[in-house]
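>>> Predicted model and sequence follow; I will ask about them next.
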Amino acid sequence: MYQLDETIYFYAFALLPMLWLGYLWVNNWKKKTQANFSSSKTLDALSPHRSSFKPLLKMLIVTLGFSCFIIALVNPKIGTQLETVKREGVDIVFAIDVSKSMLAEDIAPNRLEKAKRLVSALLNDLASDRVGIIAYAAQAVPQLPITTDYGAAKMFLQALNTDMLSSQGTAIDAAINLASTYFDDEEQTNRVVFILSDGEDHAEDGTIDAAQAASAIGIKIFTLGVGTEKGSPIPIKRNGIVESYKKDENNEVVITKRNPTVLESIASTTDAAYMDGNDTQAVLAFVREELKQMEKKEFEAKKFVSYKDRFQPFLIAGFLLFLIDILLLETKTKWVLRLNLFNEKDAD
């Protein structure tokens, strides 16, 4: 097994044809200049030990040397060792509100983008915990099952948008019920759900019931509120330009406000906490401290291929080839003359 560290350096191979074009042009210019200066017989008499093969040989050596340096820059890695990696952590599910109210721009750039950036920052802060992602509006849909692949988590996170669910509204209870089914390890003592929302909820009674059911099976639900309590209209955009704002049945502009009361009730029901999600650093510090106090469980032991750098042989080979090029003169070598390897005749 192998992998290439910096594949961008492969573009440097495009310089080699230019190098050869330069060599051919110089070689052609030298022949024309020599022809104008003297005849071939006179030139052979003046320079009897001139080799016609060594300039080409030197060019081939230079080309190979540059190729070795380029491959060294790419840094090929070869897997030669298997390592057993044991991880300890907690299971975390992020439930992210993707209803239209999350398009409000009372927090820059808007509530949904703020929530996504907050989750991304939390992922950067995690070490060996497992994570999952749920998106919800009037219904909840799974986006990423429990995994340790934070790269995949960020990819799915960036794909979240308010158009992914056709039915609109905000049903936090559906998100809690779905999150409760995410935890696949019955022995995991710490199960955590983070709900990121502006707190608008169209099923408040059902939400508290769902939170109580989650708490009964050992799930803690931390809530992170995004947006402001002053509120903001919901822009309707086309090609990034605001055309109008969402209106109600009375043709009045809808002002959506953050509702911390609902989010606080959910968190307190599960013996967790509510945080203002607008302050990223405060949230990171809070989550870091909470996770530190939780009991960690060893939940997997996987074998990973340990890749080792293999740029060194190519680097050494490149230096050796250039050293040969420096030491190799463009004149005939005496022992080579005796062997007549290149069918070169001695000058009379």
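Yes, it's here.
>>> if I look at Phe222, how far off is Lys77?
Per Cβ to Cβ, to the nearest Å, Phe222 is found 39 Å from Lys77. To be clear about C-beta, it is placed using only N, CA and C from the backbone, and glycine gets the same treatment.
>>> Of these two, which one has the most company?
Phe222 (22 against 18; other Cβ atoms under 10 Å).
>>> can you tell me which residues contact the more buried one?
192-195, 267, 272-275, 287, 290 (Cβ atoms under 8 Å, 6 or more residues apart in numbering).
>>> Name the nearest residue to Leu64, ignoring sequence neighbours.
Distance criterion Cβ to Cβ, 6 or more residues apart in numbering; nearest residue to Leu64, sequence neighbours excluded, is Leu321 at 5.3 Å.
>>> Wait, a helix at Lys77?
No - counting by DSSP: H, G, I helix; E, B strand; the rest coil, Lys77 is not found in a helix; it is strand.
>>> what's it in contact with, if anything?
Residues counted as contacts of Lys77 (Cβ under 8 Å, 6+ apart) are 2-5, 307-310.
>>> of all these, which two lie farthest apart?
Leu4 and Lys308 (13.5 Å; Cβ to Cβ).
>>> Arg310 against Val74, yeah?
No - applying Cβ atoms under 8 Å as the test, Arg310 and Val74 come out as separate, 10.1 Å apart.
>>> Neighbour count for those two, which is higher?
Comparing Arg310 with Val74 by other Cβ under 10 Å, the one with more neighbours is Val74, at 19 against 16.
>>> surely that one meets Tyr11?
No - with contact defined as Cβ under 8 Å, Val74 does not count as touching Tyr11 (10.4 Å).
>>> and the contacts of Lys77, which of them are in strands?
Among those, the residues falling in strands (DSSP state E) are 2-4, 307-309.
>>> Of the residues you listed, grab the buried ones for ChimeraX.
Entered in ChimeraX, the line below selects the buried ones among the ones in strands among the contacts of Lys77, by 16 or more other Cβ atoms under 10 Å:
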select :307
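>>> Can you tell me which of the ones in strands among the contacts of Lys77 is nearest Gln158?
When the ones in strands among the contacts of Lys77 are compared against Gln158 (criterion: Cβ to Cβ), the nearest one is Gln3, at 24.1 Å.
>>> who touches that closest one in this structure?
76-77, 79, 307.
>>> and the two most separated of the residues you listed?
Greatest spacing in the contacts of Gln3, by Cβ to Cβ: Pro76 and Gly79 (11.1 Å).
>>> Go ahead and confirm Leu4 touches Ile78.
No - the pair Leu4 / Ile78 is not scored as a contact, 10.6 Å apart, by Cβ under 8 Å.
>>> What segments of the stretch 201-348 of the chain are strands?
Counting by DSSP state E, counting those that start in this stretch, the stretch 201-348 of the chain has strands at residues 219-225, 232-233, 235-238, 241-245, 255-256, 274-276, 297-309.
>>> and among the ones you listed, the most buried is which?
strand 219-225 (a mean of 25; mean count of other Cβ atoms under 10 Å).
>>> can you map out the strands along the stretch 1-150 of the chain?
Going by DSSP E, counting those that start in this stretch, the stretch 1-150 of the chain shows strands at 2-4, 76-89, 91-97, 130-136, 140-147.
>>> and the fourth one, average pLDDT?
Across strand 130-136, pLDDT averages out at 94.
>>> List the pairing partners of it within its sheet, with orientation.
strand 91-97 (parallel), strand 140-147 (antiparallel) (DSSP bridges).
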